[in-house]
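Fold the following and give me the result.
(2 chains)
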Amino acid sequence: MDTDLSSQDRKDLDKFIKFFALKTVQVIVQARLGEKICTRSSSSPTGSDWFNLAIKDIPEVTHEAKKALAGQLPAVGRSMCVEISLKTSEGDSMELEIWCLEMNEKCDKEIKVSYTVYNRLSLLLKSLLAITRVTPAYRLSRKQGREYVILYRIYFGEVQLNGLGEGFQTVRVGTVGTPVGTITLSCAYRINLAFMSTRQFERTPPIMGIVIDHFVDRPYPSSSPMHPCNYRTTGEDAGVTYPSVEDSQEVCTTSFSTSPPSQCVFTVSKAYFQTPTPVVTDTLRVPMAGLAFSHQLASSRLAYQPAALGVGSAELAHPVVFAAGSSAAHPHQLMVPGKEGGVPLAPSQPAHGTQADHERMATCTPSDGAHYIVTPSSSEDTETVSNSSEGRASPRGILEAVLVRKVGALVNNSVDQVTMTNLDIPFAMFAPKNFELEDNDPMVNPPDSPDTESPLQGSLHSDGSSGGGGGGSSGNTHDDFVMVDFKPAFSKDDILPMDLGTFYREFQNPPQLSSLSIDIGAQSMAEDLDSLPEKLAVHEKNVKEFDAFVETLQ
Amino acid sequence: MVESSGSSLQVSGWFRPKRASQPPARLVGAARGRGMNCRAEVLEVSVEGRQVEEALLAVLHTVLLHRSTGKFHYKKEGTYSIGTVGTQDIDCDFIDFTYVRVSSEELDRALRKVVGEFKDALRNSGGDGLGQMSLEFYQKKKSRWPFSDECIPWEVWTVKVHVVALATEQERQICREKVGEKLCEKVINIVEVMNRHEYLPKMPTQSEVDNVFDTGLRDVQPYLYKISFQITDALGTSVTTTMRRLIKDTLAL
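This next block holds a predicted model:
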């Protein structure tokens, strides 16, 4: 008898498909971050690992996927697609791959939902893990950074393969039959990368004469402690935080039965458990206008690509690391990592410094739009792509331009014009002006900057806003050195005639040792050569003596 | 009685009917499963000497990724729960390729060991660098005394390796990329096979689990598997191993 799907089975199936879709997106996006992924096996089931696979959930990505799905599930004619594209620093972009999760009408009524379908979906995810490393875009994404970045976009609806160029190829990852249809996962990828071979990218010199990693890897001895981007309990941040996937997620407690299928026990219990949402910082929280930066998986800059395509509603490419602003509907807020002591820091460093583990790049985009790319901070990876930090979403649409005065510990005079830029560049007040960097950086001001309405976006690219436009206002302060009164900490004026400050100043620059004096060393070679003939003449005069001496030795 | 003539092996006698000469590096009867359909897949790779290990590991790990589950925890009433399998990206040093494997040091060590042995055997064989490695998934079937348990394979993956020697650095660089691309194709092939959802052993009860899965690892649970390899000598026949196997089989009957 052809039994219709029981309601419990139906519910289970829908849930499986939904979470399968979410996990699929996670796997694809994580594979394009540009770094190696590593997760741990755990012999004891935690109940939160769907399909028995350890796939981390990046909250932003989940958020985007949910937004794209808008409560629906893939069905006939409604496929979930993840588009991977490449964008160069000059602003050119190119679609590389489209991953499609489709559903067709071919049903398999006989199959057991809670058992076979689940296991097959798990197998399909494993296949997806393998295939995502095998398409050409993988190698490109591993090399992203200076010259180009990889972006992703999720949309739901008709699959569009136009942007892939001619002769694109398709690889099928797998299919799973279910009682309501057959799920198919496939990838169409561009092969015509003729003008964009990876080799070409390696050989291309930096875009400008200036090295973009100017502020990278500087030791910041005085910086505040790095905040590892681990999971922390959700603090009360200034705004909406991303609901982590598990917020209202139903926990899949997989309990299989070895008895004949009819007695299959598969419990899916609704357990609300909250994965603590990672917090970027816990001390100074500075909601920055214009979406400063996010250090999500840091790693690659899956930067924001405002979509220009007119397909459906949710089609904004989203940076995994939000480099650019986001639409008003999707605030990705970032917290500038705590800066204690008021010493300005390059945001990327502390924030995710640690996440360390193979966190590659954190793109920081202070609201004025400067991009600072932090290069890899090393090390062995154990945990991956943690959904470390993440953006704390700012209250939608509210621009909180809270400027934090960064004042050096020893500075008496507060500098009035402390802008966002100062926050980012350590000792910014004393740094030479380097706005060409920001102004010319095409990443900052992409030539074809899209017209998103978001005020966040606007401030990012605008020239007018207080912190915006290449930090124009702060430029002036960088021209000269600022005279400050030197007041050493903990010193009192009245104790000694010579106070600590004076003492320090006097002995700060002791005179050079004479033996190390530069005068002697500065004797030019020419002079040396000139003096040689004289020396030779002297020696020649004494030749007889030398000879006699040599005789005595023999 | 076993006679070998020329480049083929023929076994005559009342244990087996006379056999036509077989292509040298093919698995003989033993692996075909007695009375059971055993899937056999063959993959071929041509690599440089130093790429042998990584190429083999890539293929083996990709297969095992699909054929491993989390650890089973049996509870009462015949239900069980499954642990979580983590994954890891591994970059190859000598090939432009990255593969995914399950996060299990034990499993990786076991594979590396056998691949290392294969590589050494290949190097020492002298021949023209041909060899093959087989990854066989099997089920144990308990037999009554005095017969020992039977191992019934249900899937066999064979990787044929051909080692080439390259002269210039440029050739080596090209080889890096080419082999990388080839391995990409192999992974796609493997995934295709996996996707057919063909026979898989039934999920076992607690008492049977060791007949289906390898429960000895700490963090993952692959299906029972064994890895063997053969080196083909210059004549094109793998004399030693095949002979050994035949004799063992005939005697084990």
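
right, and B:Val156 touches B:Cys38 too?
Yes - assessed by CB atoms under 8 Å, B:Val156 is found in contact with B:Cys38 at 6.1 Å. The way it works is simple: take the backbone N, C-alpha and C, and place the C-beta from them, glycine included.

between these two, who's got more neighbours?
Under the criterion of other CB atoms under 10 Å in any protein chain shown, the comparison of B:Val156 against B:Cys38 puts B:Val156 first, with 22 against 18.

Wait, a strand at the more buried one?
Yes - per DSSP: H, G, I helix; E, B strand; the rest coil, B:Val156 lies within a strand segment.

If I look at it, what pLDDT would I see?
With respect to pLDDT, B:Val156 scores 94.

Pull up the gap between it and chain A, please.
From B:Val156 across to chain A, the span is 19 Å (CB to the nearest CB, to the nearest Å).

give the contact list for that residue.
B:27, B:31, B:38-41, B:134-137 (CB atoms under 8 Å, 6 or more residues apart in numbering or on different chains).

which regions of chain B sit below the pLDDT cut-off?
B:1-36, B:127, B:233-253 (pLDDT under 70).

what do you get if the cut-off is 50, keeping everything else the same?
Low-confidence segments of chain B (pLDDT under 50): B:1-35.

same check, this time on the stretch 51-200 of chain A
Scanning the stretch 51-200 of chain A for pLDDT under 50 picks out A:197-200.

just to revisit the earlier point, next step: the contacts of B:Val156 restricted to helices.
Using DSSP state H, no member of the contacts of B:Val156 sits in helices.

B:Leu56: which of those is nearest?
B:Leu135 (9.6 Å; CB to CB).

Wait, the closest one touches B:Leu60, no?
Yes - with contact defined as CB under 8 Å, B:Leu135 reaches B:Leu60; the gap is 5.8 Å.

which residues do these two both contact?
Counting by CB under 8 Å, 6+ apart, the shared contacts of B:Leu135 and B:Leu60 are B:157, B:159, B:227.

OK, contacts around the second one?
For B:Val159, the set of contacting residues under the criterion of CB under 8 Å, 6+ apart consists of B:42-45, B:56, B:59-60, B:132-135.

Apply 7 Å and report the result again.
By CB atoms under 7 Å, 6 or more residues apart in numbering or on different chains, the contact list for B:Val159 reads B:43, B:45, B:56, B:59, B:132-133.

Redo those residues as TSV? Include neighbour count, secondary structure and distance to chain A.
Below are the contacts of B:Val159 laid out as TSV (neighbours: other CB atoms under 10 Å in any protein chain shown; DSSP: H, G, I helix; E, B strand; the rest coil; distance: CB to the nearest CB, whole Å):
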residue	neighbour count	secondary structure	distance to chain A
B:Leu43	22	strand	14
B:Val45	20	strand	15
B:Leu56	26	helix	16
B:Val59	23	helix	11
B:Gln132	23	strand	22
B:Met133	23	strand	19
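
which of the residues you listed sit farthest apart?
Within the contacts of B:Val159, B:Val59 and B:Gln132 form the most distant pair, 11.6 Å apart (CB to CB).

leaving aside the residues next to it on the chain, what's closest to B:Pro204?
Spatial nearest neighbour of B:Pro204, excluding adjacent residues (CB to CB, 6 or more residues apart in numbering or on different chains): B:Val212 at 4.5 Å.
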